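Visitor: Structure, please.
(2 chains)
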Amino acid sequence: GENVEQHPSTLSVQEGDSAVIKCTYSDSASNYFPWYKQELGKGPQLIIDIRSNVGEKKDQRIAVTLNKTAKHFSLHITETQPEDSAVYFCAPYYSGAGSYQLTFGKGTKLSVIP
Amino acid sequence: EAEVAQSPRYKITEKSQAVAFWCDPISGHATLYWYRQILGQGPELLVQFQDESVVDDSQLPKDRFSAERLKGVDSTLKIQPAELGDSAMYLCASSFLAGVLSSGANVLTFGAGSRLTVL
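Guide: Numbers count the residues shown, from 1 in each chain, chains lettered A, B, ... in the order given. Alright, predicted model coming up:
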């Protein structure tokens, strides 16, 4: 099965600074790379995703970069705001040959200090 | 915006009792997933349905857990008997199609979850 590691496990930044979370995966066949944000008491919410044939994707203040050779992808949040405080999960996804696996990392708790 | 509905939001039970969770996926979503999330961890897949059929239940503890999606729409996850280690958040998610998760048209959407505490 897929081994997924996220780093760091906790991250504190000052409001306005940038935050970067890295996700390393083991299955080179993974072909879809989403990031989820989970606020306290809620289910995870998809915030950005990228397919394996794309190296980078941006959506306003958030971006995801993918390095398939090194088998890692990263979440970048710029100009952080207090409402960005949450737990973020990467979940590399493999689909093929009748098997579909979305494997979550252990999460990164981001705290944005006003 | 379409949502995945789950109930109850919170459930406290004593060990050895039976508990059940209900999920209503987004209308038209053929694939439904049940995940378990232990505090401080990422969600782990318990069971995946395609319409009314189980696609993957390899991580479901079948001696005490059962899941059904009889008409291919809403689903129920049952635990009997509950054990202390079952305390967790039970999350339901749905997607339009299985196997083709991708940006835009077919993404995984989660419900708010059901928090179970076993005493």
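Visitor: could you pull out the strands for the chain?
Guide: This is for chain A. With DSSP state E as the criterion, chain A has strands at A:4-7, A:10-14, A:19-25, A:32-38, A:45-51, A:56-59, A:62-67, A:72-77, A:86-90, A:93-96, A:99-102, A:108-113.
Visitor: could you do chain B instead?
Guide: Taking DSSP E, the strands of chain B run over residues B:5-7, B:10-13, B:19-24, B:31-37, B:44-50, B:53-56, B:65-68, B:75-79, B:88-95, B:109-110, B:114-118.
Visitor: Could I get the average pLDDT for the first one?
Guide: Mean pLDDT, computed over strand B:5-7, is 97.
Visitor: List the buried residues of it.
Guide: By 16 or more other C-beta atoms under 10 Å in any protein chain shown, the buried positions in strand B:5-7 come out as B:Gln6. Glycine gets a C-beta too; all of them are placed from N, C-alpha and C.
Visitor: And for the fifth one?
Guide: Neighbour counts over strand B:44-50 (16+ other C-beta under 10 Å) mark B:45-50 as buried.
Visitor: What of the last one?
Guide: Judged by neighbour count (16+ other C-beta under 10 Å), strand B:114-118 contains these buried residues: B:114-116, B:118.
Visitor: circling back to that earlier point, tell me which of the strands of chain A sits nearest to B:Ser66.
Guide: Closest to B:Ser66 of the strands of chain A is strand A:99-102 (C-beta to C-beta; 21.6 Å).
Visitor: Ranked by average pLDDT, which of the strands of chain A falls at the bottom?
Guide: strand A:99-102 (a mean of 68).
Visitor: What is the distance between stretch A:5-21 and the centre of its chain?
Guide: 11 Å (C-alpha atoms, centre = their mean, to the nearest Å).
Visitor: What lies in contact with that stretch?
Guide: By C-beta atoms under 8 Å, 6 or more residues apart in numbering or on different chains, the residues outside stretch A:5-21 that reach it are A:22-25, A:35, A:74-82, A:84, A:88-90, A:105-114.
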